[in-house]
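In: Sequence and predicted structure below; questions after.
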Amino acid sequence: MQEYDIKGMTEKVLALKGLAAELKEISGGIPSIDRNVERILSSLRLLELQIVDIKEMLN
Amino acid sequence: MDEQKYWNPIIETLPREKLQQLQFKKFKRIFRWAYEHSKFYKGFYRDAGIEPGDIKSFEDVHKVPKIEKSMMRDIQGEGKEPYPFGEILCVPTEELTCFRQTSGTTGQPVYWGDTWQDWDWGVETYAQILWAQGYRSSDRFFLPFGYNIFIAFWTAHYAAEKLGCEVIPGGVLNTEARILKMQELKATAMAATPSYVLNMASVAKNKLGIDPAKDLYIEKITVAGEPGGSIPASRKRMEDAWGAKVYDQAGSTELGHWGFECDCQSGLHVNEAFFLFEIEDIDTGEAITEPGKKGRMVATPLDRMALPCIRFDSKDIVQWNKDECECGRTFRRLDGGIIGRTDDITKVKGVLFAPSAVEEVVRGIQQLGDEYQIIVSRKGDTDSILLKVEVMPGCENNLDEIKGNLSSQLRLKTNLNYNIEFEGYGSLPRFEGKSKRFQDLRKKQGDGKR
């Protein structure tokens, strides 16, 4: 299997997840921000399942 | 950069031992989640004397009691809270973003709710399927199904969009209009049930004078909802009629899209990164790990959280393939796809009978049309099988020869004799969604012996 930078990708996914959560925290409850952040988090969840979970398992 | 062969090479080519570790880790996670968030699961598992801490090895998974569709029907419906899903639901209903229900082919439909995250997860699994079957952003993908409360090809629509395909929703158009639209827009791919793929080809030729293989632009077809995609004679008919590659895909409302053929077309891969699969002996429930031995499939979607479906008895009869696929994926394959359903496989005259075996024979005889009907009944103590088939136009003078050939092949393939009735071409029912070609009248006749 080709080598992929799973560790690097994991760090970026988790950083994005943190950023999305921070954005929601300061959204002031604006629906368009909150709902779009929810969508972003769903996409990030898919990346977690396909990268972060693998990285944890390979450790 | 070279064309990427896999949607996600990291998980699709994961060494098997790592894949199993991943599955086990995820199983423990979904089991704990369901135990802690669903009143139904908590009670169900408490009654069985099992809790999350008891799952310490892969072998412990088999101790977890199975669920099946009939149980879900009991959990749901009028008076069951949260309505209509009942106590199996693990999230507040406010978090659900879409509703679907099962087709009701085997009884009262099961209601299904997904959060956006769960829906997105299903779309991701389907994106992996389409990519493996060669779909790319250059495809113009036609979806000829009724966009309604059944899951059908909804997920394919979203997944194809995710791949960047141009998706054409052929919803409320009738069959003729769909064919003409496919021609007008030069659609390159489509997805439908095997029955409808054949029916569309027939309508194109006989009503519109269009030969799909020559006059349309379809290069690949994904089929689902029936076993036809993995029945060689049915696949050949579809590929010949359309001049396109046909790929099988398997899934259900409860489980999601768990199986797919890759471009090698050599058996259904099971997506072992997102699901856990077990095959059990139909009678004893013992785990079957060796290839070539048929059993019922028990599956668990590992990341679907709102309505977890843990160790779901799919009623599908399957068997493991022994070889690795040339595609390089480490996901195992099922030999022959879904061979049958425990609902359909029954004893006739003491012989185990699977309707899909009849399809393989009927569609292998060129003088016969695509459609057929099987009716099993009992008179006194004797079972009989009536098989209705259509004769292709121009073959009406060869009925004796066709009947002899059909009878002998059926006898060879199923070890049973049939009463054969020839019907005029186009007279048997056509199907757009899941077909219903098998009737066992013995149940209605009050004889439960099967």
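Out: Noted; the coordinates are in hand. For clarity, every value in this text was computed on a predicted model and none was experimentally measured. Residues are numbered from 1 along each chain as shown, chains lettered A, B, ... in the order given.
In: Wait, a helix at residue B:325?
Out: No: using DSSP: H, G, I helix; E, B strand; the rest coil, the assignment for residue B:325 is coil, not a helix.
In: Tell me the confidence at it?
Out: In this model, residue B:325 is scored at 96, pLDDT.
In: got a list of what it touches?
Out: B:262, B:264, B:266-267, B:269, B:331, B:333 (C-beta atoms under 8 Å, 6 or more residues apart in numbering or on different chains). Using the backbone N, CA and C atoms, a C-beta is placed for each residue, glycine as well.
In: excluding its backbone neighbours, what's nearest residue B:377?
Out: residue B:441 (4.2 Å; C-beta to C-beta, 6 or more residues apart in numbering or on different chains).
In: what residues are up against that neighbour?
Out: If you count contacts by C-beta under 8 Å, 6+ apart, then residue B:441 has B:375-378 around it.
In: Pick out whichever of those residues sits closest to chain A.
Out: residue B:376 (44.8 Å; C-beta to the nearest C-beta).
In: backbone phi and psi for that closest one, please?
Out: phi -100, psi 130 (degrees, to the nearest 10).
In: Would you mind measuring from it to residue B:419?
Out: 11 Å (C-beta to C-beta, to the nearest Å).
In: what is the mean pLDDT for the top helix by length along chain A?
Out: Criterion DSSP state H: the longest helix present in chain A is helix A:6-25. For helix A:6-25, mean pLDDT is 97.
In: residues of the helix or strand that that helix is followed by that come out buried?
Out: Next in sequence after helix A:6-25, counting helices and strands by DSSP states H and E, comes helix A:31-47. By neighbour count with 16 or more other C-beta atoms under 10 Å in any protein chain shown, helix A:31-47 contains the buried residues A:37-38, A:40-42, A:44-47.
In: quick check, the longest helix of chain A touching chain B?
Out: Yes: on the criterion C-beta under 8 Å from any C-beta of the partner chain, helix A:6-25 is in touch with chain B at residue A:6.
In: Who are the packing partners of that helix?
Out: Applying 3 or more C-beta pairs under 8 Å, 6 or more residues apart in numbering or on different chains; DSSP states H and E, one finds that helix A:6-25 contacts helix A:31-47, helix A:53-58.
In: surely residue B:108 meets residue B:73?
Out: Yes: proximity of residue B:108 to residue B:73 meets the contact threshold set by C-beta atoms under 8 Å, at 5.1 Å.
In: just to revisit the earlier point, now the helices and strands packed on helix A:6-25 in CSV, please, with extra columns for mean pLDDT.
Out: Shown next, in CSV, are the helices and strands packed on helix A:6-25 (pLDDT from 0 to 100):
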stretch, mean pLDDT
helix A:31-47, 97
helix A:53-58, 88
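In: Look up phi and psi at residue B:222.
Out: Torsion angles, degrees, to the nearest 10, at residue B:222: phi -100, psi 130.
In: Keeping just the C-alphas, turn the top helix by length along chain B into CSV.
Out: Longest helix in chain B by number of residues (criterion: DSSP H): helix B:16-37. The C-alpha trace of helix B:16-37 is given here as CSV (Å, rounded to 0.1, in the frame of the first residue of the first chain):
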residue,chain,number,x,y,z
ARG,B,16,-7.4,-7.9,7.0
GLU,B,17,-6.1,-8.1,10.6
LYS,B,18,-6.3,-4.3,10.8
LEU,B,19,-9.7,-4.3,9.2
GLN,B,20,-10.9,-6.7,11.8
GLN,B,21,-9.4,-4.6,14.6
LEU,B,22,-11.2,-1.6,13.2
GLN,B,23,-14.5,-3.5,13.0
PHE,B,24,-14.2,-4.6,16.6
LYS,B,25,-13.4,-1.2,17.9
LYS,B,26,-16.4,0.2,16.0
PHE,B,27,-18.7,-2.6,17.1
LYS,B,28,-17.9,-1.9,20.8
ARG,B,29,-18.6,1.8,20.2
ILE,B,30,-22.0,1.3,18.5
PHE,B,31,-23.0,-1.3,21.0
ARG,B,32,-22.2,1.0,24.0
TRP,B,33,-23.9,3.9,22.2
ALA,B,34,-27.1,2.0,21.6
TYR,B,35,-27.1,0.6,25.2
GLU,B,36,-26.7,4.1,26.6
HIS,B,37,-29.1,6.0,24.3
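In: is it anywhere near chain A?
Out: Yes: on the criterion C-beta under 8 Å from any C-beta, helix B:16-37 is in touch with chain A at B:18, B:21-22, B:25-26.
In: Point me to the residue of chain A nearest chain B.
Out: For chain A, C-beta to the nearest C-beta, closest residue to chain B: residue A:42, 4.3 Å.
In: isn't that residue right next to residue B:120, touching?
Out: Yes: with contact defined as C-beta under 8 Å, residue A:42 counts as touching residue B:120 (4.6 Å).
In: And the average pLDDT for stretch B:441-448 is what?
Out: 66.
In: now swap in stretch B:332-349 and tell me
Out: Mean predicted confidence for stretch B:332-349 is 85.
In: buried ones in it?
Out: B:332-341, B:344-346, B:348.
In: These into JSON lines, with extra columns for distance to chain A and secondary structure?
Out: Output for the buried residues of stretch B:332-349, formatted as JSON lines (distance: C-beta to the nearest C-beta, whole Å; DSSP: H, G, I helix; E, B strand; the rest coil):
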{"residue": "B:332", "distance to chain A": "18", "secondary structure": "coil"}
{"residue": "B:333", "distance to chain A": "19", "secondary structure": "strand"}
{"residue": "B:334", "distance to chain A": "23", "secondary structure": "strand"}
{"residue": "B:335", "distance to chain A": "26", "secondary structure": "coil"}
{"residue": "B:336", "distance to chain A": "29", "secondary structure": "coil"}
{"residue": "B:337", "distance to chain A": "26", "secondary structure": "coil"}
{"residue": "B:338", "distance to chain A": "26", "secondary structure": "coil"}
{"residue": "B:339", "distance to chain A": "30", "secondary structure": "coil"}
{"residue": "B:340", "distance to chain A": "32", "secondary structure": "strand"}
{"residue": "B:341", "distance to chain A": "30", "secondary structure": "strand"}
{"residue": "B:344", "distance to chain A": "34", "secondary structure": "coil"}
{"residue": "B:345", "distance to chain A": "35", "secondary structure": "coil"}
{"residue": "B:346", "distance to chain A": "40", "secondary structure": "strand"}
{"residue": "B:348", "distance to chain A": "45", "secondary structure": "strand"}
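In: Switch these over to CSV; also include distance to residue B:179.
Out: Converted to CSV, the buried residues of stretch B:332-349 look like this (distance: C-beta to C-beta, whole Å):
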residue, distance to residue B:179
B:332, 37
B:333, 33
B:334, 32
B:335, 34
B:336, 31
B:337, 27
B:338, 28
B:339, 32
B:340, 31
B:341, 31
B:344, 31
B:345, 35
B:346, 37
B:348, 38
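In: of these, closest to residue B:60?
Out: residue B:332 (21.3 Å; C-beta to C-beta).
In: got the contact list for the closest one?
Out: Residue B:332 neighbours (C-beta under 8 Å, 6+ apart): B:269-270, B:272, B:277, B:320-321.
In: any idea what sits nearest residue B:134, other than its immediate chain neighbours?
Out: Nearest to residue B:134 is residue B:263, by C-beta to C-beta, 6+ apart, at 5.2 Å.
In: Would you verify that that neighbour is located in a helix?
Out: No: secondary structure of residue B:263 (three-state DSSP): coil, not part of a helix.
In: how near is it to residue B:390?
Out: 33 Å.
In: Between the two, which is the more surrounded one?
Out: Between residue B:263 and residue B:390, counted using other C-beta atoms under 10 Å in any protein chain shown, the more crowded position is residue B:390 (21 against 15).
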